[in-house]
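Engineer: Fold the following and give me the result.
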Amino acid sequence: MVMMRRVAMVLSMVIFGWVYQITHPPPPKICGRPGGPPVTGPRIKLRDGRHLAYTEYGLPKDVAKFKLIFIHGFTSCRYDRVVTFPPEVYQELGVHIVSFDRPGYGESDPDPNRTPESLAMDVEELADQLGLGSKFYVLGFSMGGQAVWGCIKYIPHRLAGAGMIAPVVNYWWPGFPSNLSTEAYYFQLPQDQWTLRVAHYAPWLTYWWNTQNWFPASAVAAGRAEVFSSQDLEIIANEEISDEVTKLGQLRAYPMQQGNFESLHRDMMVGFGRWEFDPMDMEINPIPDGGGSVHLWHGEEDQMVPVTLQRYIAKKLPWVKYHELPGKGHMFPLIPEISQSMIKALLYDEN
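Structural biologist: Numbering: from 1, shown residues only. Below you'll find the model as predicted:
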């Protein structure tokens with residue numbers, strides 16, 4: 001009997017330890033602290049004490065006609081190619097661009113309490129500390145495009161305009177018809193379906209799910225070929241663009257250098273969790289007095305984010321200027337002519 005109690009106690013301790021391990025990821029290696037990566041670029045200190053790393057492109061802000069904040073996507077960072085152009089392009093556009101590492105990425109401190117609203121507040125504080133003026137533009141790609149919805153909702157009075165490039169959608173936004181969101185959800189590869197199920201219904205298991213070896217991991221996070229369209233693969237294979245992708249590949253460790261949990265996994269939990277608002281409830285453009293337009297660009301052949309949901313958003317929210325690119329996938333912003341034309345359309349409100 002005593003032996004049975006001891007065995008039961010040991011088993012209980014093992015189970016408790018396993019449960020604790022799968023629900024408590026290792027702490028992030030915060031930049032600039034002992035054991036963490038070094039700080040190599042400029043950062044601001046936010047009011048809550050966190051740091052936000054950023055890079056500036058284009059004309060000096062005191063002579064630029066437009067100021068724009070760029071929000072990078074999943075597995076990326078402030079060095080995203082989408083906004084890196086030759087000097088003459090910035091001159092032609094008349095723009096000063098600030099690109100920053102989202103919380104937990106690159107050299108920006110993690111934010112365990114991150115929400116769509118908190119990220120919008122970070123964007124506003126970044127603009128204020130860098131002196132971008134009372135109004136500025138925001139542009140986001142992929143997961144960064146999804147974050148733009150938070151800016152439109154929470155800081156519309158600060159926006160001169162907003163652009164979303166292939167923005168990730170949350171399949172659980174209530175405004176989607178259930179049959180449409182279900183169809184789009186099952187458009188994903190099975191392993192990505194399961195990854196998002198865990199992030200939405202059991203976020204405390206997100207770390208374990210993305211580090212276990214029993215089931216296939218997210219194909220999107222791994223950058224597997226199956227999630228790219230044929231046009232995406234052509235873009236990546238393009239010699240000039242391939243050189244840039246190779247450079248970004250060399251930087252691949254940089255975005256997640258503080259750990260995957262507060263970057264990739266936090267993205268999953270926030271992006272596909274329960275939001276405090278539904279973008280489709282915004283029937284009227286929140287930017288005051290028609291002071292700025294909102295553009296959304298999406299590739300017809302996008303294999304990561306189903307185009308059907310973007311079409312529904314455009315139908316539901318007629319104030320969003322929707323641009324569907326025939327034959328394009330998810331990576332079309334890597335084509336310099338396209339990314340330049342999108343920024344020009346946003347800044348000069350062109351169709």
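Engineer: what number of residues lie near the closest residue to Glu300 other than its chain neighbours?
Structural biologist: Spatial nearest neighbour of Glu300, chain neighbours left out: Pro326 (5.1 Å); criterion: C-beta to C-beta, 6 or more residues apart in numbering. Yep, even glycine has a C-beta here, placed from its N, CA and C like the rest. By other C-beta atoms under 10 Å, 7 other residues sit near Pro326.
Engineer: With Asn213 instead?
Structural biologist: Neighbours of Asn213 using other C-beta under 10 Å come to 6.
Engineer: Which helix or strand contains the nearest residue to His265 once chain neighbours are set aside?
Structural biologist: Of all residues not flanking His265 in the chain, Thr206 sits nearest, at 4.8 Å (C-beta to C-beta, 6+ apart). Assigned by DSSP states H and E, Thr206 belongs to helix 206-209.
Engineer: do the same with Pro60
Structural biologist: With DSSP H and E as criterion, Pro60 is part of no helix or strand.
Engineer: so how far is Ile44 from Pro112?
Structural biologist: Note on Pro112: its distance to Ile44, by C-beta to C-beta, to the nearest Å, is 19 Å.
Engineer: which one of the two has more residues nearby?
Structural biologist: Taking neighbours as other C-beta under 10 Å, Pro112 and Ile44 compare with Ile44 leading, 17 against 10.
Engineer: Other residues contacting whichever helix or strand comes after the helix holding Thr206?
Structural biologist: Once helix 206-209 ends, the next helix or strand along the chain (criterion: DSSP H and E) is helix 219-222. Residues outside helix 219-222 that contact it (C-beta atoms under 8 Å, 6 or more residues apart in numbering) are 74-75, 189, 191-192, 195, 210, 226-227, 264, 304.
Engineer: Give me the buried subset of those residues.
Structural biologist: 74-75, 189, 191-192, 195, 210, 227, 264, 304 (16 or more other C-beta atoms under 10 Å).
Engineer: Need the residues you listed in JSON lines (columns: pLDDT).
Structural biologist: JSON lines is the format used below for the buried ones among the contacts of helix 219-222 (pLDDT from 0 to 100):
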{"residue": "Phe74", "pLDDT": "93"}
{"residue": "Thr75", "pLDDT": "91"}
{"residue": "Leu189", "pLDDT": "95"}
{"residue": "Gln191", "pLDDT": "95"}
{"residue": "Asp192", "pLDDT": "96"}
{"residue": "Thr195", "pLDDT": "96"}
{"residue": "Asn210", "pLDDT": "93"}
{"residue": "Val227", "pLDDT": "92"}
{"residue": "Leu264", "pLDDT": "94"}
{"residue": "Met304", "pLDDT": "95"}
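Engineer: In helices, which of those fall?
Structural biologist: Taking DSSP state H as the definition of helices, the buried ones among the contacts of helix 219-222 contribute 191-192, 195.
Engineer: Take those and lay them out in JSON lines including distance to Ala127.
Structural biologist: Below are those laid out as JSON lines (distance: C-beta to C-beta, whole Å):
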{"residue": "Gln191", "distance to Ala127": "38"}
{"residue": "Asp192", "distance to Ala127": "34"}
{"residue": "Thr195", "distance to Ala127": "33"}
